[in-house]
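Enquirer: Below is the structure, and that's it, no one-letter string:
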């Protein structure tokens, strides 16, 4: 991640309409944002969702006071975009989750699942969780945010984050063990 | 294995095999910059429309107010009306019988209809 000084200069440049300043911010955070969005929403429309995040970033740069806050602010913006997309496509998501579950829990696959690519297994395990539990696992376990930061971002109490995390891990473990992964 | 160790093992497994992130399209940065320009223009246009609606509203209010203040009460009364337009009619010139006959026969012949001799005779008896 870039240092605070260069970050501040990019922010100042971007505020004055400098494309390179804005692109520097984008290049510094695009991987993080893409990673978070793909884990929360899946790979569909990823480019469009990333674009929406950075359009909001670009629009809101003038109101950002400290360069140090940029990172958490971009995370927060990404979360907000994910929530908006989720609300918009509630129906499609239900169909997608059902499809994933049917695919994942098909009895004919149970024996061969252990040899399945572990990445796909993790993807399916995450998809088997509901959005609230998946979000907590993604933010805390995969993105390594603290419980407090996650609670602030999701606008829920820290205790709720902990209980969701506990339940989500339990379900993930059960899912993975049922597919032959010993944990 | 205690609970924390099990959690640690699970988290390690998840992190080691986290889903792949699809690569961005090759022209993504260009598209993003174009989108920022479009959104900027859109915001400016919205701002201008807001100002114009306010201006139009103020103008309408000013015109209405002026009309109310300066219109005389008599003009506003429905009993006092003035003609919108006056059509002036020039009186036809007085013609003698011969002139009327000539005018009619000429008119008939000009449209290809011969003036009837019987009608001619009847005209003479009048």
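Expert: Now that the structure is in, tell me what you want to look at. Remember, it's a predicted structure, so these values are computed and weren't measured experimentally.
Enquirer: Low-confidence ranges, the chain, go.
Expert: All of this is about chain A. By pLDDT under 70, the low-scoring segments of chain A are A:1-2, A:91-116.
Enquirer: think we crossed wires, I meant chain B
Expert: By pLDDT under 70, the weakly predicted segments of chain B are B:1, B:50-51, B:72-94, B:108, B:111-126.
Enquirer: Write out the residues of it neighbouring chain A.
Expert: Within chain B, the positions near chain A by C-beta under 8 Å from any C-beta of the partner chain are B:6-7, B:9-11, B:13-22, B:24-25, B:28-29, B:31-33, B:35-36, B:39, B:43. For the C-beta atoms, the positions are set from N, CA and C on the backbone; glycine is no exception.
Enquirer: what do you get if the cut-off is 10 Å, keeping everything else the same?
Expert: Remark: the part of chain B in contact with chain A comprises B:1, B:3, B:6-7, B:9-25, B:27-29, B:31-40, B:43, using C-beta under 10 Å from any C-beta of the partner chain.
Enquirer: Please list the members of those that lie in helices.
Expert: When helices are assigned by DSSP state H, the members of those inside them are B:3, B:6-7, B:9-16, B:28-29, B:31-40, B:43.
Enquirer: Just the buried residues from those residues, in ChimeraX please.
Expert: The ChimeraX command for the buried members of those (criterion: 16 or more other C-beta atoms under 10 Å in any protein chain shown) is given here:
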select /B:7,10,11,13,14,28,29,32,33,35,36
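Enquirer: buried stuff in stretch A:43-56?
Expert: Within stretch A:43-56, the residues scored as buried using 16+ other C-beta under 10 Å are A:46, A:47, A:49, A:50, A:51, A:52, A:53, A:54, A:55, A:56.
Enquirer: Can I get the residues you listed in TSV including secondary structure and distance to residue A:135?
Expert: Converted to TSV, the buried residues of stretch A:43-56 look like this (DSSP: H, G, I helix; E, B strand; the rest coil; distance: C-beta to C-beta, whole Å):
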residue	secondary structure	distance to residue A:135
A:46	helix	17
A:47	helix	21
A:49	helix	15
A:50	helix	18
A:51	helix	21
A:52	helix	18
A:53	helix	16
A:54	helix	21
A:55	helix	22
A:56	helix	19
